[in-house]
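Student: Fold the following.
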Amino acid sequence: MRRRVGAAAALAAVLAVTAACGGSSKPSTSATGGTSNQTVTVGVLADITGPAASVNKTSVAGIKAGVRYASRQGYTIRYIVGDTATNPNTVLSVAQKFVTQDHVTAVLAESSLTFLASSYLTAHNVPVVGIGEDGPEWITAKNMFSVVGALHTTKVATTSGEFFKKMGVTNLGIIGYAGLPASTDVAKATALSAEAAGVHVGYLNATLPLGTTDVGPMVLAMKNAGVDGFTGTIVPDTAFALITGLRQQGVNLKVALLPTGYGGDLLEAGPGAIAAAQNVYFLVNAEPIEMQTAATRTFQTDLASTGTAAAATTFAMYNGYVSVGLLVEGLKKAGAKPTSASLIASLSNIHDFTALGLYGTHKLDVNNREDTINGVDNCIWVTQFRGSTFHVVDGAAPICGATLAGRTVS
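Tutor: Numbering: from 1, shown residues only. Just a heads-up that it's a prediction; the model follows:
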């Protein structure tokens, strides 16, 4: 699932593109959870190794926690992990193995390269449940169901603009990568959202080379533009280099907002990243652990049962856990002996998904393929990193918005 959900999705896609040739798929593994009335075999299409692993590899830990949840609902989930290696040459072969050798009932997709296997899985009528982070196939393929909705990155919501306005930002700098439509589109959409909220966009540059840390000219340009806020659909190395450079130039940022890095993704990145992340804001795709709601406590308990500490919770763990949750919702009305076809039929009737309560009072229509921009009700949950812990931002847990009519990214 994604912090500005679309932004995190774009970032995962960014990471995927850095994969060139080479790499291999690791042997698949499987696991089951608890005693139940039904056993269902699913394939897990995930970026366990390669560049996108930094975003998606921990999804399996979330799936393990989801298996615990499923067992309480009366289902044993047998899952087989297929590593894409963030390699375009591997993805399709993994999907083919799921269908022809493993005979899975469904696929859980936690990969930035899912689009390379989607046509095959659609042609074989395999239901796909997961995070719609990679491309528009989640909008068009009726066998695919995203836990954050079918995201439209070229449409614009008021959410991010309202957040920057709320935090007192008056002049925003926005960064994106060249040649990567998802990154470019989200950067431009954020600019339109900010302007609609009355926040001036003093610097917009969606032409950065992928993964660059050569940010000196951009730092000076943003300083000269007088920015007091910053965001970007960029990898952490680029973001932290920019934030550090701006601080060294004496720029007082009221807000630096990043789509990835929450939880274990930052805490395990080392002291340099932790130092650079001080007072930085991070998006979360659902209720952060720090809210300590009934849903987050259950999530923590299920993670702990697999050996994962709450502080180590990541973006991908949320995605994996909630993906199993949506799968279970589909299984409930897929018959005593679920098939791929009956599961698709059941999933196609889900219009009020709560992400196991992690969406709070909000409900997602996973079959609304026209209006989703920022995830459930165009909401984002925002945390701030201070010292060694994340803190929920008052008034932004969540902050929700509406679609800006007539505004699109071209």
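Student: where does the stretch 251-400 of the chain have low pLDDT?
Tutor: Low-confidence segments of the stretch 251-400 of the chain (pLDDT under 70): none present.
Student: Helix, strand, or coil at His356?
Tutor: Small correction: residue 356 is Leu, not His. coil (DSSP: H, G, I helix; E, B strand; the rest coil).
Student: Contacts only, for it.
Tutor: With contacts defined as Cβ atoms under 8 Å, 6 or more residues apart in numbering, the neighbours of Leu356 are Tyr69, Ala295, Thr298, Phe299, Tyr321, Val322, Gly325. C-beta here means a position set from N, CA and C on the backbone, and glycine is covered the same way.
Student: so which helix or strand takes in the last one?
Tutor: Under the criterion DSSP states H and E, the helix or strand holding Gly325 is helix 315-331.
Student: so what secondary structure elements neighbour the next helix or strand after that helix?
Tutor: Next in sequence after helix 315-331, counting helices and strands by DSSP H and E, comes helix 340-347. If you count contacts as 3 or more Cβ pairs under 8 Å, 6 or more residues apart in numbering; DSSP states H and E, helix 340-347 packs onto helix 315-331.
Student: now, the most widely separated pair of the contacts of Leu356?
Tutor: Thr298 and Val322 (12.0 Å; Cβ to Cβ).
Student: Helices of the stretch 151-300 of the chain, start to end?
Tutor: Here the stretch 151-300 of the chain has its helices, by DSSP state H, counting those that start in this stretch, at 159-166, 181-196, 216-225, 236-248, 264-267, 271-276, 294-304.
Student: Would you reformat these as TSV and include distance to Ile48 and mean neighbour count?
Tutor: Formatted as TSV, the helices of the stretch 151-300 of the chain follow (distance: least, Cβ to Cβ, whole Å; neighbours: other Cβ atoms under 10 Å):
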stretch	distance to Ile48	mean neighbour count
helix 159-166	31	25
helix 181-196	22	24
helix 216-225	33	16
helix 236-248	19	20
helix 264-267	15	21
helix 271-276	22	13
helix 294-304	18	18
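Student: Nearest to Met144, out of the ones you listed?
Tutor: helix 181-196 (16.9 Å).
Student: Could I get the average pLDDT for the closest one?
Tutor: Averaged over helix 181-196, pLDDT sits at 90.
Student: other SSEs contacting it?
Tutor: helix 5-17, strand 155-157, helix 159-166, strand 171-177, strand 200-208, strand 403-408.
Student: next one: that helix to chain centre, how far?
Tutor: Relative to its chain's centre, helix 181-196 lies at 17 Å (Cα atoms, centre = their mean, to the nearest Å).
Student: Please find the angle between the direction vectors of it and strand 200-208.
Tutor: For helix 181-196 against strand 200-208, the angle by axes from the mean of the first three to the mean of the last three Cα atoms, to 10 degrees is 170 degrees.
Student: could you dump helix 181-196 to PDB, C-alpha only?
Tutor: This file holds the C-alpha atoms of helix 181-196, laid out as PDB (Å, rounded to 0.1, in the frame of the first residue of the first chain):
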ATOM      1  CA  PRO A 181       6.100   8.700 -16.200                       C
ATOM      2  CA  ALA A 182       4.900   7.600 -12.800                       C
ATOM      3  CA  SER A 183       7.500   9.800 -11.000                       C
ATOM      4  CA  THR A 184       7.000  12.700 -13.500                       C
ATOM      5  CA  ASP A 185       3.200  12.500 -13.300                       C
ATOM      6  CA  VAL A 186       3.100  12.500  -9.500                       C
ATOM      7  CA  ALA A 187       5.500  15.400  -9.200                       C
ATOM      8  CA  LYS A 188       3.300  17.500 -11.600                       C
ATOM      9  CA  ALA A 189       0.100  16.400  -9.900                       C
ATOM     10  CA  THR A 190       1.500  17.500  -6.600                       C
ATOM     11  CA  ALA A 191       2.300  20.900  -8.100                       C
ATOM     12  CA  LEU A 192      -1.300  21.300  -9.300                       C
ATOM     13  CA  SER A 193      -2.600  20.200  -5.900                       C
ATOM     14  CA  ALA A 194      -0.400  22.700  -4.100                       C
ATOM     15  CA  GLU A 195      -1.300  25.600  -6.400                       C
ATOM     16  CA  ALA A 196      -5.000  24.800  -5.900                       C
END
